[in-house]
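> Just the structure for this:
(chains A and B)
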2 protein chains.
Amino acid sequence: MAVNLPLPSNLLPVPGVELGYAEAGIRKANRKDVLVMRLAAGASVAGVFTLNRFCAAPVQLCKAHLGTAGNAIRALVVNTGNANAGTGEPGLVAARETCAALAALLNCKPEQILPFSTGVILEPLPVDRLKAGLPAAIANLKADNWAAAAEAIMTTDTQPKAASRQVQIGGKTITLTGISKGAGMIKPNMATMLGYVATDAGLSPELAQRLVKEAADVSFNCITIDGDTSTNDSFMLIASGASGLQIDSAQSPEYQALAREVIALSQQLAQMIVRDGEGATKFITITVEGGKSAEECRKIAYSIGHSPLVKTAFFASDPNLGRILAAIGYAGVDDLDVGKLDLYLDEVLVARAGGRNPEYREEDGQRVMKQSEITIRVKLGRGAAAATVWTCDFSHEYVSINADYRS
Amino acid sequence: MAVNLPLPSNLLPVPGVELGYAEAGIRKANRKDVLVMRLAAGASVAGVFTLNRFCAAPVQLCKAHLGTAGNAIRALVVNTGNANAGTGEPGLVAARETCAALAALLNCKPEQILPFSTGVILEPLPVDRLKAGLPAAIANLKADNWAAAAEAIMTTDTQPKAASRQVQIGGKTITLTGISKGAGMIKPNMATMLGYVATDAGLSPELAQRLVKEAADVSFNCITIDGDTSTNDSFMLIASGASGLQIDSAQSPEYQALAREVIALSQQLAQMIVRDGEGATKFITITVEGGKSAEECRKIAYSIGHSPLVKTAFFASDPNLGRILAAIGYAGVDDLDVGKLDLYLDEVLVARAGGRNPEYREEDGQRVMKQSEITIRVKLGRGAAAATVWTCDFSHEYVSINADYRS
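As a prediction, the model looks like this:
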């Protein structure tokens, strides 16, 4: 049911990064559920992680390993089928065991491994099956395995999500390829379920960290499917440096050029998650303009994007647009003067100065609602700040998927 | 599909309060959609109203009239089928016209009328049809019309909601009867869609205002169906004084006794709304204990109660309880130490010290999940504060109702 989500094509290998997968039977048999990404020496890795207080064991280890091993990370390992979250101390032990097992196979230290998990929460990680799958994943490590890698990290996703781009920077051809996963429990706060962007440009660890945060804030941190911030959200940027281009200053034109590309790719990957939102039939862009601060614009955009009433109206293509006004009204912007507010559906002015636009005709709203891609635009008329959030509608299929998941 | 919601029975007339209804065809023909409540002289009326910034025109007028007419309110008028919200200045004009028409019929001033509307937002109120219905409503004013009144305020409700009680206070027999409505767009903030409690005890206007707030905070302000705070939430307390009991001090035993009854009745009416939640199949009590403040306990309880993933798991009777941990983790309590947290489903200890309880068996969780009434209990282990929220599950039927409403 994904909304205008193309299948991955023309995925470009990123020199300095190899990918291998396995069918380890973590939760179900006969599906790719383990991914290993091996990095050439010298690669910088940086990430942003969920702010959920129940952050998963692997997320805790990732943060610790990035702190100690810095830019000496040699591999990332991802499993699906089990989130290793809400698992307490045994969960941490299992994540450490995973790192130790992969480190032994790759001849490095456990601290040089970053672990990631996604799947059911509150169930023990079947760490023996995961470890048993690692040799097979290593055996098929290849630079052009991105399509398989995108498949290997899927859970309730209906399609793999991946994209590539190539650009000239500083006289070098720079490649960027990324993958992402996620379809439910999506309201990233600092990052998303799982997103990985790799480039063969070189970045100092500080710049990599700066760029991954910058990109997350305008991509994965702007999407929502159901308002549920996951315990395992992680978004990682890998800069292998294999192109020979090394960037050490955020003021350099090379950094600016690379940042543009990383941001564009991140937005593409983040939007892919929304397009594949559980049960989604519509892709909805919510733009709130004219606010006093970006923060209040985001509040209002998320309030609209999380309202089950708004989302079911979009599913039904029913221009029951008063529900949008209600969601704006309870967003928590206490001094909002609704008398200055305009509401557009694409180019159709629905409400003007806080009331129904006298020229608004139901059939105009109806026409836009029937589209598969819709923009809700709110003009607050009280400042110059703006924010955009991407979301999807809410259908019977969402309930089916989440009432049946695990079964 | 209401969950253990009894039909109203044994509703007691409240001396000093008469009710009349009409079928005015506001939105649909042949259904009661206008209610008039006429009060004897000397009744005190107090209310709490939505904090939604898009508060409806009638809510704005109610606040103004309570401010100017104080305890000289003579009647309340309620229409369903149209919320008169998001209607700007014409909406206010329509609400004023309604009050003026009813005041002329009852021989009082427009300021002595309180108007209420509920239904679709952003559509003009058909004020002529409403006014045309008023004489019929006045013609059938009766003290024992509570059952019909409960029907007259329904929208997507599947059942009318009403209850009565009688108690001896200060040597007098005091009667309390209340009605409520609401099934979707329910996350009251100060009040709920519509709730009315009437008693023949007498209260000064100050005490009536104090008591309506006190009761709302532990009843209508503790329920959520979909997290959508309506534009029209109103909860009103009417104290006619017709029993001869007049209460003027909050410290008196009479006030304490009456407050207990008003609170109990309000909780009953509020819970009825959850039991009739759109598409509800389960009634869920969420209690969060051991917090530093009631505020943080409420935050966590609402975070669980609003999670579509938690609500669909309950619909499926699937003990996918990690979703509850995730919702706790993203509730926004930044210094929460999940290592001290216990989670119970009824009496079953699911998670202990932030991880899965080693003795927890899936079949125990499964058994509780299959019940129609379930308590989620979270112990935070960091203080003595607590809060309770009542909610329901999230089913296919919710999507159907809200994708079809208006059609």
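> on contacts alone, who are the packing partners of the longest helix seen in chain A?
The longest helix of chain A (DSSP state H) is helix A:253-275. Counting contacts by 3 or more Cβ pairs under 8 Å, 6 or more residues apart in numbering or on different chains; DSSP states H and E, helix A:253-275 is packed against strand A:161-169, strand A:172-181, strand A:194-199, helix A:205-217, strand A:246-247, strand A:283-291, strand A:385-392. No exception for glycine: its C-beta is placed from N, CA and C like everyone else's.
> between the ones you listed, which one is nearest to chain B?
strand A:385-392 (12.4 Å; Cβ to the nearest Cβ).
> and that closest one, what does it pack onto?
Using 3+ Cβ pairs under 8 Å, 6+ apart, strand A:385-392 sits against helix A:253-275, strand A:283-291, helix A:294-306.
> okay, the ones you listed in TSV with mean neighbour count next?
Formatted as TSV, these follow (neighbours: other Cβ atoms under 10 Å in any protein chain shown):
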stretch	mean neighbour count
helix A:253-275	21
strand A:283-291	22
helix A:294-306	22
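> before we move on, the earlier item: out of the helices and strands packed on helix A:253-275, which one sits most buried?
Of the helices and strands packed on helix A:253-275, the one with the most neighbours on average (mean count of other Cβ atoms under 10 Å in any protein chain shown) is strand A:194-199, at a mean of 30.
> For that one, list the C-alpha coordinates in PDB.
Taking Å, rounded to 0.1, in the frame of the first residue of the first chain, the C-alpha atoms of strand A:194-199 are listed here in PDB:
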ATOM      1  CA  LEU A 194      17.100   3.000  11.400                       C
ATOM      2  CA  GLY A 195      18.700   5.100   8.800                       C
ATOM      3  CA  TYR A 196      22.200   4.800   7.300                       C
ATOM      4  CA  VAL A 197      23.900   7.200   4.900                       C
ATOM      5  CA  ALA A 198      27.400   6.300   3.600                       C
ATOM      6  CA  THR A 199      29.700   8.500   1.500                       C
END
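> mind putting the helices and strands packed on strand A:385-392 in JSON lines, mean pLDDT and distance to residue B:13 included?
Output for the helices and strands packed on strand A:385-392, formatted as JSON lines (pLDDT from 0 to 100; distance: least, Cβ to Cβ, whole Å):
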{"stretch": "helix A:253-275", "mean pLDDT": "92", "distance to residue B:13": "55"}
{"stretch": "strand A:283-291", "mean pLDDT": "97", "distance to residue B:13": "50"}
{"stretch": "helix A:294-306", "mean pLDDT": "94", "distance to residue B:13": "43"}
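> mind checking which of the ones you listed is nearest residue B:330?
helix A:294-306 (12.3 Å; Cβ to Cβ).
> Mind checking if the closest one is in reach of chain B?
Yes: Helix A:294-306 lies within reach of chain B by Cβ under 8 Å from any Cβ of the partner chain, at residue A:306.
> Helix B:294-306 and the next helix or strand after that helix, what's the angle between them?
Where DSSP states H and E defines the elements, the next helix or strand beyond helix A:294-306 is helix A:308-315. Computed with axes from the mean of the first three to the mean of the last three Cα atoms, to 10 degrees, the direction of helix A:308-315 lies at 20 degrees from that of helix B:294-306.
> For helix A:308-315, which outside residues touch it?
A:281-282, A:284, A:304-305, A:319-321, A:323-324, A:326-327, A:369, A:374, A:391-395, B:184-185, B:226-228, B:308, B:394, B:398-399, B:402-403 (Cβ atoms under 8 Å, 6 or more residues apart in numbering or on different chains).
> quick one: that helix to chain centroid distance?
23 Å (Cα atoms, centre = their mean, to the nearest Å).
> How about residue A:52, nearest residue that isn't a chain neighbour?
Leaving aside its sequence neighbours, residue A:52 sits nearest to residue B:329 (Cβ to Cβ, 6 or more residues apart in numbering or on different chains; 3.8 Å).
> Please list all residues in contact with the one you found.
Residue B:329 touches A:52, A:53, A:54, A:55, A:229, A:231, B:336, B:338, counting by Cβ under 8 Å, 6+ apart.
> would you list the residues you listed in TSV and tack on pLDDT and neighbour count?
As requested, those are exported to TSV (pLDDT from 0 to 100; neighbours: other Cβ atoms under 10 Å in any protein chain shown):
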residue	pLDDT	neighbour count
A:52	87	26
A:53	87	21
A:54	88	29
A:55	87	22
A:229	83	27
A:231	85	31
B:336	93	21
B:338	91	21
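> if I look at the residue in the stretch 151-300 of chain A positioned nearest to chain B, how far off is residue A:291?
When scored by Cβ to the nearest Cβ, the stretch 151-300 of chain A has residue A:229 as its residue closest to chain B, at 3.7 Å. Look at residue A:229 and residue A:291: by Cβ to Cβ, to the nearest Å, they are 23 Å apart.
> can I assume residue A:116 is in contact with residue A:79?
Yes: the pair residue A:116 / residue A:79 is scored as a contact, 7.5 Å apart, by Cβ atoms under 8 Å.
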